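1. following is a predicted model, sequence given first.
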Amino acid sequence: MILVIYAHPYPASSRACAALLEALRGRDGLEVRSLYELYPDFDIDGDAERTALERARLVVWLHPFYWYGVPALMKHWFDHVLVKGWAHGEGGAALHGKDCLWVTTTGGGEDAFAPQGRHGHPFEAFEPPIRQTARYCGMNWLAPIAVRGSHQVPAEALREAGRNVRAAIDAWAEAKGA
């Protein structure tokens, strides 16, 4: 099973994440857990989230890139779901060996993520905390997918990005026999 943990604080105004989700719609063996729909009050049901994670072989973290990391509710989800003794630490092996794919969207384009760009670093410089979260839980980190310039990208380019995400997930499933 493929589990998508989706965290967009303003899904109704999303162009890019909406296009990515649309491309995944109807795929067999895929479940989407929309955190801001499930937990608008931030009161996360850790047991329900851990149960969903236990069923998954691939975990996809899908969200817009916010202040060089994840949106607030996803960080809160990390804190309340990926707990010591379950996801890491002594006895915490529930996620060991599962694959993790980070899919994110950025408002800034390629030029924004350059030494001379407004963020001063390549996009890959912002990956380590998220990658390490997965690795600390014993997960296999897959090459992330970042859709950049989501505010300016034409709708067809966003649909193409969605097809690319879907193709990556389909390729994973084929390789894993899932």
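-> Happy to help now that I have it.
2. can we go C-alpha only for contacts and neighbour counts from here?
-> OK.
3. chain center to whichever helix in the chain runs longest: distance?
-> In the chain, assigned by DSSP state H, the helix with the most residues is helix 155-176. Helix 155-176 sits 14 Å away from the centroid of its parent chain (C-alpha atoms, centre = their mean, to the nearest Å).
4. and Gly89, how many neighbours does it have?
-> 12 (other C-alpha atoms under 10 Å).
5. Ala16 too?
-> 29.
6. would you agree it is in contact with Ala157?
-> No - applying C-alpha atoms under 8 Å as the test, Ala16 and Ala157 come out as separate, 9.5 Å apart.
7. can you pull the contacts of the residue nearest the centre of the chain?
-> For the chain, the residue nearest the mean C-alpha position is Trp61 (1.6 Å; C-alpha atoms, centre = their mean). The contact partners of Trp61, by C-alpha atoms under 8 Å, 6 or more residues apart in numbering, come to Val4, Ile5, Tyr6, Cys100, Leu101, Trp102, Val103, Thr104.
8. coming back round to it: state the mean pLDDT of the longest helix of the chain.
-> Averaged over helix 155-176, pLDDT sits at 95.
9. from the rest of the structure, what touches that helix?
-> By C-alpha under 8 Å, 6+ apart, the surrounding residues in contact with helix 155-176 are Arg15, Ala16, Ala19, Leu20, Leu21, Glu22, Ala23, Leu24, Val103, Ile145, Val147, Ser150.
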